[in-house]
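**Student:** Next one to model:
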Amino acid sequence: MNVLLVTGRLAEEQVRMQAGDADVYVADVDVAAFITPSHIRHLSLNKYDFVMVPGLTRGARWKELEEEKGVKIRLGPTHAYDIPTVLRHLNSIELRHDVPADRLIAQQKLRETMKLVDSIDSYDFRIGSVKVGGGSRMKIVAEVVDATRLSEDELRHKISHYLESGADIIDMGIPMEFDVSEVRRAVKIAADMHDAVSIDTFSKKAIRAGIEAGADMVMSISAENLEALDVIKGRAVVIVSRNVDELLRIAEKAERYTDRIILDAVLDAFPGTTHSILRYAELARRSDKPVLFGVGNVTELSDADSIGMNALLAFMAEELGASLLFTTEASPKTYGSVKELRIASYMAKAAKLRKTPPKDLGMNLLVVKEKVRFEVCDEFEGCQEGEESKRFVRDSMGDFRIWVRDGEIICSHEKLCVRGRTAKAIYDTVIAKGLVSRLEHAAYLGRELMKAEIAAKLNKNYIQDEPLGFGVYGEYEEYGERKEHGKREECEGHKHEGSGDRQTRSG
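**Tutor:** As a prediction, this is how the structure comes out:
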């Protein structure tokens, strides 16, 4: 296939490096995103089967030019780095006039991954409508901690969040002290919202109440509450023990009461995580029953971001043959764990089926770090060093206060309060209403709104005029302890000097 790649002057070198056998035409424009049909209309394209224009071109009438020239003219990738990948897929995917090629390929990979995993029809049994075991995708069990202590609105909000995040089974965690009527109320609310509900308690009385209210799974049966088996009435049951021999003995007894048995060898937090994983490995060798892997035990008890931990533990669980991943979101640091495990469950199963590492699947768990570093420009000589101005002049139009709540940015002014999910939506509205009159105030507002948008997307705290926290060393970084050549030095980087426009603080 003869292919022509169209680009601008600034990206020419990068495009030629990635072009392979394709020809390259450099349009009379610096920035490739500004290319329009007028820049290539004069070209004779008869010898080409395909013309690929920059993926970030906007508003260009490429379809009309395609019909005029009689050759396919479609959007290429956003970055030159992806050109080889797009060229390899030209015969297998129909590129478009309005969506960059790299996004189309990612979408196709995502569809293929989900179709592959969802096509597995073998399973051991169902919990509600959820298929468990038998080689199917690991299902996510999301625990509502102290469910009986939540109001109906709080409970529905939590369950809705879990379901939207991808939970397969909703688990009602019952505290040590409870009222039976509250157990029934909590489980009934969950059962009204979802058909796969579990009750998590060692109390026989609570188990009975939960089953009567609609629970189809019981957590947890152990050597200490074996008498509760006589009330499970055929429900799925999770047997718990750190001793594999004991776990299998209890499971054998439970078979007289139900044929839906799940084993939990208990994943311990550090120290003890490795030993407990070895315990799961022993269980996998000795039993073919579905296994529950309690990921939340590790993430809740570690001061580390949950995303990578959830991914790695899910991959290990898949290797160990686990059927269910158990988690909660009981603290801010583990908020989002249900969604993270849902994605990881697809990545793990697809990788296992394809016999490849869990990468290039159209989905990922990269949030702060990135897979590829794009070279955007050369280093320019003669640039002036930027300097922060100490001058401050208050904007006569007034002040702003900014905060983040429930994933939204709130921007308050004495004349107007604006809310939205993107910085652009808010500052476009502020400008349209004429609420800023000074350039430095507009620049400051844009900076703070972008920080707020990032904080909202990452579910981080946002405090106006304070740095957005991306520290990876906690207090070590905050206090600036450094060891160099055996010495301890105090770092001044943590001191926040007041400078520039602090106007919105006073609003």
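**Student:** mind listing the strands for the stretch 301-450 of the chain?
**Tutor:** Secondary structure of the stretch 301-450 of the chain by DSSP state E, counting those that start in this stretch: the strands cover 324-328, 400-405, 408-413, 416-420.
**Student:** Now find how far off-centre the first one is within its chain.
**Tutor:** Okay, so that is strand 324-328. 16 Å (CA atoms, centre = their mean, to the nearest Å).
**Student:** again, but for the third one
**Tutor:** For strand 408-413, the distance from its own C-alpha centre to the chain's C-alpha centre is 25 Å (CA atoms, centre = their mean).
**Student:** Could you list the buried residues of that strand?
**Tutor:** For strand 408-413, a neighbour-count test (16 or more other CB atoms under 10 Å) marks Ile409, Ile410, Cys411, Ser412, His413 as buried. Where C-beta positions appear, they are placed from N, C-alpha and C, glycine not excepted.
**Student:** for the second one, same thing?
**Tutor:** Taking 16+ other CB under 10 Å as the neighbour-count basis, strand 400-405 is seen to contain the buried residues Phe400, Ile402, Val404.
**Student:** cool, stretch 301-313 as well?
**Tutor:** By 16+ other CB under 10 Å, the buried positions in stretch 301-313 come out as Asp305, Ser306, Ile307, Gly308, Met309, Asn310, Ala311, Leu313.
**Student:** Stretch 48-57 now?
**Tutor:** Tyr48, Phe50, Val51, Met52, Val53, Pro54, Gly55, Leu56, Thr57.
**Student:** swap in stretch 82-95?
**Tutor:** Residues of stretch 82-95 classed as buried: Asp82, Ile83, Val86, Leu87, His89, Leu90, Leu95 (neighbour count, 16+ other CB under 10 Å).
**Student:** With pLDDT and distance to Ile170 added, can I get the buried residues of strand 408-413 in TSV?
**Tutor:** Formatted as TSV, the buried residues of strand 408-413 follow (pLDDT from 0 to 100; distance: CB to CB, whole Å):
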residue	pLDDT	distance to Ile170
Ile409	96	30
Ile410	96	31
Cys411	96	36
Ser412	95	37
His413	95	41
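**Student:** of these, closest to Ala351?
**Tutor:** Closest approach between the buried residues of strand 408-413 and Ala351, by CB to CB: Ile409, at 36.7 Å.
**Student:** how close does that closest one get to Ser437?
**Tutor:** Taking CB to CB, to the nearest Å as the measure, Ile409 falls 22 Å from Ser437.
**Student:** His79 too?
**Tutor:** 38 Å.
**Student:** Which one's more surrounded, the two?
**Tutor:** His79 (19 against 11; other CB atoms under 10 Å).
**Student:** and the residue lying closest to Met1 once chain neighbours are set aside, how far is that from Trp62?
**Tutor:** Excluding the flanking residues, the one nearest Met1 by CB to CB, 6 or more residues apart in numbering is Asp49, at 4.7 Å. According to CB to CB, Asp49 stands 16 Å off from Trp62.
**Student:** likewise Glu388?
**Tutor:** Distance, Glu388 to Trp62, by CB to CB: 44 Å.
**Student:** Over to Ser44?
**Tutor:** In terms of CB to CB, Ser44 sits 18 Å off from Trp62.
**Student:** next one: the longest helix seen in the chain to chain centre, how far?
**Tutor:** Longest helix in the chain by number of residues (criterion: DSSP state H): helix 439-458. Once both centres are worked out by CA atoms, centre = their mean, helix 439-458 turns out to sit 22 Å from its chain's centre.
**Student:** next one: stretch 81-98
**Tutor:** On CA atoms, centre = their mean, the centre of stretch 81-98 falls 26 Å from that of its chain.
**Student:** So, low pLDDT: which residues of the stretch 251-400 of the chain?
**Tutor:** 375-380 (pLDDT under 70).
**Student:** in it, which spans are helices?
**Tutor:** 273-286, 296-299, 306-319, 337-354 (DSSP state H, counting those that start in this stretch).
**Student:** Report how many residues lie close to Ala11.
**Tutor:** Residues near Ala11, counting by other CB under 10 Å: 20.
**Student:** Looking at Ser44 and Trp62, which one has more neighbours?
**Tutor:** Trp62 (20 against 7).
**Student:** Look up the closest residue to Ile454, ignoring the ones flanking it.
**Tutor:** Leu468 is the one closest to Ile454 (CB to CB, 6+ apart), at 6.2 Å.
**Student:** right, and that neighbour touches Lys457 too?
**Tutor:** No: using CB atoms under 8 Å, Leu468 makes no contact with Lys457, being 11.3 Å away.
**Student:** that older thread, need the worst-confidence member of the buried residues of stretch 82-95.
**Tutor:** Looking at the buried residues of stretch 82-95 by pLDDT, the weakest one is His89, with 89.
**Student:** how close does that one get to Val117?
**Tutor:** Separation of His89 from Val117 (CB to CB): 21 Å.
**Student:** What of Lys349?
**Tutor:** 5 Å.
**Student:** any shared contact partners between the two?
**Tutor:** By CB atoms under 8 Å, 6 or more residues apart in numbering, Lys349 and Val117 have these common neighbours: Arg137.
**Student:** quick one, which of the two is more surrounded?
**Tutor:** The residue with more neighbours, out of Lys349 and Val117 and counting by other CB under 10 Å, is Lys349; that gives 22 against 19.
**Student:** Now do the same for Gln107: its pLDDT.
**Tutor:** In this prediction, Gln107 carries a pLDDT score of 92.
**Student:** who touches the nearest residue to it once chain neighbours are set aside in this structure?
**Tutor:** Closest residue to Gln107 apart from its sequence neighbours, by CB to CB, 6+ apart: Gly362 at 6.9 Å. Taking CB under 8 Å, 6+ apart, we find Gly362 in contact with Ala106, Gln107, Gln108, Lys109, Leu110, Arg111, Glu112, Thr113.
**Student:** and these, which of them are in strands?
**Tutor:** Using DSSP state E to define strands, no part of these is located there.
**Student:** Tell me the one of the buried residues of strand 400-405 nearest Lys253?
**Tutor:** Once CB to CB is applied, the member of these that ends up nearest Lys253 is Val404, at 51.7 Å.
**Student:** Identify the bridge partners of the closest one.
**Tutor:** Ile409 (DSSP bridges).
**Student:** Next, the residue nearest to Met1: phi, psi?
**Tutor:** phi -90, psi -20 (degrees, to the nearest 10).
**Student:** Hmm, it is touching Asp23, no?
**Tutor:** No: taking CB under 8 Å as the definition, Asp49 is not a contact partner of Asp23, at 11.5 Å.
**Student:** what's the overlap in contacts for these two?
**Tutor:** With CB under 8 Å, 6+ apart, Asp49 and Asp23 have common neighbours Asn2, Val3.
**Student:** element containing Asp171?
**Tutor:** strand 169-173 (DSSP states H and E).
**Student:** Please work out which residues outside that strand touch it.
**Tutor:** Applying CB under 8 Å, 6+ apart, the external contacts of strand 169-173 come out as 127-128, 130, 139-148, 159, 162-163, 183, 186-187, 190, 193-194, 196-201, 210, 215, 217, 219, 324, 326, 328.
**Student:** now do stretch 42-59
**Tutor:** Residues contacting stretch 42-59 (CB under 8 Å, 6+ apart): 1-8, 11, 22-23, 25, 32-36, 40, 60, 62, 69, 71-79, 83, 86, 90, 95, 100-103.
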